[in-house]
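Engineer: just the structure for this:
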Amino acid sequence: MEAELTALAASGATTFVGLMATEAWSQVRGRLARVLGRGEGDEVIDAELEESRAELAAARAEGDQQAAADIEAAWRNRLRRTLRADPAAAEELRAVLEELAPQQYSGPAVAINHNTISGGHYNAPVIMAQWVDDGVRSTPRRGPGDA
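Structural biologist: Predicted structure coming up:
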């Protein structure tokens, strides 16, 4: 059970610290304060979260990776203590993390297609793609009857 709580606390801290620099933070901050405060002292925890957010922004601006890692470690430890003290907090934290999962940016989506060309000689590269974008924006094409 301890390993599960440690993993949940680590996941929560990574998620929340990652979201501190996004637009979603304003929605997440209050929920995290409720998980940590368990109904008591939410305002104090909310202020601590905002202080951490400001410290994180400053650390990232200065390129101080260690300070950013320290902020995440502090919240990981805080979450772990909360989860140990109140098992109901674990379910609430899981629910918050499940709701946030779609909001997290996981990088570009990659689709793998396997295409085969047969029956001919090709003396140049053959490109098969869903789309090819050179970064140049053009005006949309107009079809017949478009005004």
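Engineer: where does Thr22 land in three-state SS?
Structural biologist: Following DSSP: H, G, I helix; E, B strand; the rest coil, we place Thr22 in the coil state.
Engineer: now it: how far from Arg80?
Structural biologist: Remark: distance between Thr22 and Arg80 (C-beta to C-beta, to the nearest Å) = 24 Å. In short, each C-beta sits where N, CA and C put it, glycine included.
Engineer: okay, these two: which has more neighbours?
Structural biologist: Arg80 (19 against 13; other C-beta atoms under 10 Å).
Engineer: can you tell me the element the residue lying closest to the more buried one once chain neighbours are set aside falls in?
Structural biologist: Counting by C-beta to C-beta, 6 or more residues apart in numbering, Ala9 is the residue found nearest to Arg80 once chain neighbours are left out, at 3.9 Å. For Ala9, the host element (DSSP states H and E) is helix 2-19.
Engineer: could you list every helix and strand that whichever helix or strand comes after that helix packs against?
Structural biologist: On the C-terminal side of helix 2-19, the closest following helix or strand by DSSP H and E is helix 25-37. Using 3 or more C-beta pairs under 8 Å, 6 or more residues apart in numbering; DSSP states H and E as the contact criterion, the neighbours of helix 25-37 among helices and strands are helix 2-19, helix 42-62, helix 65-85, helix 87-100.
Engineer: what angle separates helix 25-37 from helix 65-85?
Structural biologist: Using axes from the mean of the first three to the mean of the last three C-alpha atoms, to 10 degrees, the interaxial angle of helix 25-37 with respect to helix 65-85 works out to 50 degrees.
Engineer: this completes my enquiry, with thanks.
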